[in-house]
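Asks: Requesting a structural model of the entry that follows:
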Amino acid sequence: MSQSEFLLSKLAEFWQFTGFYNVEFTNVIMLCVGLFFIYLAIKHDFEPMLLVPIGFGILIGNIPFQPGNEIGIYEEGSVLNILYQGVRQGWYPPLIFLGIGAMTDFSSLLANPKLMLVGAAAQFGIFGAYIIALYLGFMPDQAGAIAIIGGADGPTAIFLSGKLAPNLMGAIAVCAYSYMALVPVIQPPVMRLLTTKKERLIRMKPARKVSQTEKILFPIFGLILTCFVVPSGLPLLGMLFFGNLLRESGVTTRLAKTASNAMTDMVTIILGMTVGASTQASEFLTKETIFIFFLGFCAFVIATCSGVLFVKVFNLILPKHKKLNPLIGNAGVSAVPMAARISNDQGLKYDPTNYLLMHAMGPNVAGVIGSAVAAGVLLGFLG
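Replies: Take a look at the predicted model:
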């Protein structure tokens, strides 16, 4: 073989390894999805801490390549596959919950414990979506993994789907984070539809001051009470309450700062990128993915309706001076603090002096606990 023929054969061989040669139409679709996520994050500020890593991960996961070179996220031994094990084996979600606990102030919930019921009511979105998923033909374990999207908690969705339906985890994770970013779009119309102008103007009493002793005891007793009921939720609930004790104990400030800042940021980067990369077109673009996105939307709507309607019904038995503003009902989902900010923004639209943020934070942080408990219940029954 002459030198020119050798070079031509090598060039032809190199061409077969390029993305241009291996590209398929489905790759192009997913690359556009990744670019759209990045656009929403940067242009419209939709949860940029989540959508930028996920969007770029979608680009990484859908660069066409020739299989067999340990490149793709589903190829054993590849760097991406090793990082993805933290998602598949459920290592990352508990670390995220540790950070959430370390940065969350539960005072608004402790000051008004009945707000825990609002957070619990919003979890009906999970069980409503579970019933719809069964009706659409999903197996019980798959339905449970999909339904947890209604908790508006990405790490919980990843943790549960990794246990119950690993083959659907990429679609479930992307769906959960996508709808978390779209909470400001989904919830307000539902809140306005279900409330009257008079209800939106309800003023709630200022919360009482919570003692430091109460704050310290809460994560200890919270862990014991919740995990004795649902031991299967221990990886999430244990880390959540541990992180909160680091925050409130007063003697582990440095550990709390590390958990809530540097560690959470690092895990969020890796988690978001690997979840995005798991949307490899061959695994992601399926009929099940369309159903999952539909069910995720249903779950969010049901959760918002459940929270708002529960407050309206609860007000029927509360004294006039203790009535709750139904606009805080949406905050029962676990999207902290975004859902609480939406409650506050909607309240200020109808009364510029009626600040609902601190009141809405009660059901919002209760939703974090509630979604983890719901995940433990589903894992206990279906795992």
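Asks: got a list of what the nearest residue to Leu245 once chain neighbours are set aside touches?
Replies: In space, and not counting its chain neighbours, Leu245 is closest to Pro219: 4.3 Å by Cβ to Cβ, 6 or more residues apart in numbering. (Each C-beta comes from the backbone N, C-alpha and C, glycine too.) By Cβ atoms under 8 Å, 6 or more residues apart in numbering, the residues touching Pro219 are Gly101, Phe241, Phe242, Asn244, Leu245, Glu248.
Asks: Try it again at 7 Å.
Replies: By Cβ atoms under 7 Å, 6 or more residues apart in numbering, the residues touching Pro219 are Phe241, Asn244, Leu245, Glu248.
Asks: Can I get whatever helix or strand it lives in as CSV, trimmed to CA atoms?
Replies: Using DSSP states H and E, Pro219 sits in helix 212-229. Backbone C-alpha positions of helix 212-229 (Å, rounded to 0.1, in the frame of the first residue of the first chain) are rendered in CSV as follows:
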residue,chain,number,x,y,z
GLN,A,212,-33.1,27.9,70.1
THR,A,213,-34.0,24.9,72.2
GLU,A,214,-36.9,24.1,69.9
LYS,A,215,-34.7,24.4,66.9
ILE,A,216,-32.2,22.0,68.3
LEU,A,217,-34.8,19.4,69.4
PHE,A,218,-36.7,19.5,66.1
PRO,A,219,-34.2,17.6,63.9
ILE,A,220,-33.7,15.0,66.7
PHE,A,221,-37.3,14.3,67.3
GLY,A,222,-38.1,14.8,63.6
LEU,A,223,-35.7,12.0,62.7
ILE,A,224,-37.1,9.6,65.3
LEU,A,225,-40.7,10.2,64.5
THR,A,226,-40.5,10.1,60.7
CYS,A,227,-38.0,7.2,60.4
PHE,A,228,-39.8,5.0,62.9
VAL,A,229,-42.8,5.3,60.6
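Asks: If you count neighbours, what's buried in the helix ranked longest in the chain?
Replies: The residue-count maximum for a helix in the chain (DSSP state H) belongs to helix 287-314. By neighbour count with 16 or more other Cβ atoms under 10 Å, helix 287-314 contains the buried residues 288-289, 291-311, 314.
Asks: For stretch 148-168, list the C-alpha coordinates in CSV.
Replies: What follows is stretch 148-168, C-alpha atoms only, in CSV (Å, rounded to 0.1, in the frame of the first residue of the first chain):
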residue,chain,number,x,y,z
ILE,A,148,-42.7,11.2,43.1
ILE,A,149,-42.2,14.0,40.5
GLY,A,150,-45.3,15.6,42.2
GLY,A,151,-43.2,16.2,45.3
ALA,A,152,-41.2,18.8,43.2
ASP,A,153,-38.0,17.4,44.6
GLY,A,154,-35.4,16.4,42.1
PRO,A,155,-33.0,14.5,44.5
THR,A,156,-36.0,12.5,45.9
ALA,A,157,-37.1,11.7,42.4
ILE,A,158,-33.6,10.5,41.5
PHE,A,159,-33.3,8.5,44.7
LEU,A,160,-36.6,6.7,44.3
SER,A,161,-36.5,6.1,40.6
GLY,A,162,-33.0,4.6,41.0
LYS,A,163,-34.5,2.0,43.4
LEU,A,164,-37.8,1.3,41.6
ALA,A,165,-37.3,2.0,37.9
PRO,A,166,-33.6,2.6,36.9
ASN,A,167,-34.5,2.4,33.2
LEU,A,168,-36.8,5.4,33.5
